[in-house]
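Undergrad: I would like to see how this sequence folds:
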Amino acid sequence: MSFRQFAFGLTACFLVPWVAIVIIPFFMMHHLKPVAYNEATDGKDGLYRPQATGRLVNGSEVYAANGCYHCHSQLIRPVYAGNDLGRPDWAGLKSDEERGDTRRQSNIFDYQFEKFAQIGENRFGPDLSNVGLRVEKEYAKGSDPKVWLLNHLYNPRANPKLVTSKCPSFPFLFETKKIQGQTPANAIVVKDGEAVVPSFEADVLVDYLMSMKHDDAVPGSMNHLPPAPKGGAKAAAPAAAPKG
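TA: Predicted coordinates for the structure are as follows:
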């Protein structure tokens, strides 16, 4: 083998994956075309145009700066690639009161408003693709979901139901102020004449987390829920996630 052949082969080994993993996805994300609904299968027509909610840019930066992606993913795999749709409330709701089964896999539009797609490195903690809806429906029953998340960020183990949580505390995202007159309305802890209030970083991070809701109706061509069998029988649910 000549040096020229060796150099060409080595270059190709790095160039081909780089083009496939970096360049092609980059241009795909920068030129997203709306996907049309199908009246026959989706029950409506028009184009799928997801809207950004919350302070996504600022919150995403705080999320990345604190390494949340090390322990949490933001990626719901299609049923042919895994069992994420079978995990309770990870990908929407299996039995929504108004719309029925709202579960769906992640799609390219979920990341279009962020500079970097925070798909995560592992799942030491639960996937956060649907955490906004999960907090509203399950965790913060009867209370303000944003306050629940702020308390969780300040000290996850203060919650009696989460005493074994491995999530780190983020007290540096909060400020302690002496109470002079009325207690601040956004205080999450009040003790010994002092109040702990969220900083701007904590507020935008919570807004970012609350924006994560996998409950919008996507065109059937973008989703891989098992098709409903003919004859009116209920569709088989995705395989349940293994315990542990």
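Undergrad: the domain parsing of this structure - what is it?
TA: 11-49, 54-222 (automatic domain parsing).
Undergrad: buried set for the longest helix seen in the chain?
TA: Scanning the chain for the helix with the most residues, using DSSP state H, yields helix 3-18. Within helix 3-18, no residue is scored as buried using 16 or more other CB atoms under 10 Å. From N, CA and C alone the C-beta is placed, and that goes for glycine too.
Undergrad: quick revisit: would you single out the least confident of the domains of the chain?
TA: For the domains of the chain, mean pLDDT drops lowest on domain 11-49, to a mean of 84.
Undergrad: contacting residues for the residue nearest to the spatial centre of the chain?
TA: When CA atoms, centre = their mean is applied to the chain, the residue found nearest the centroid is Ser129 (2.2 Å). Neighbouring residues of Ser129 by CB atoms under 8 Å, 6 or more residues apart in numbering: Ser73, Gln74, Leu75, Ile76, Trp90, Ala91, Ser106, Asp110, Met212, His214.
Undergrad: try it again with 6 Å
TA: Ser129 makes contacts with Gln74, Ile76, Met212, His214, as judged by CB atoms under 6 Å, 6 or more residues apart in numbering.
Undergrad: Return the distance of the last one relative to Cys71.
TA: According to CB to CB, to the nearest Å, His214 stands 19 Å off from Cys71.
Undergrad: Counting neighbours, go ahead and name the busier of those two.
TA: Per other CB atoms under 10 Å, whichever of His214 and Cys71 has more neighbours is His214, with 27 against 17.
Undergrad: Can you list phi and psi of the more buried one for me?
TA: Backbone torsions of His214, given as degrees, to the nearest 10, read phi -90, psi 70.
Undergrad: For it, give its distance to Arg134.
TA: His214 is 10 Å from Arg134, by CB to CB.
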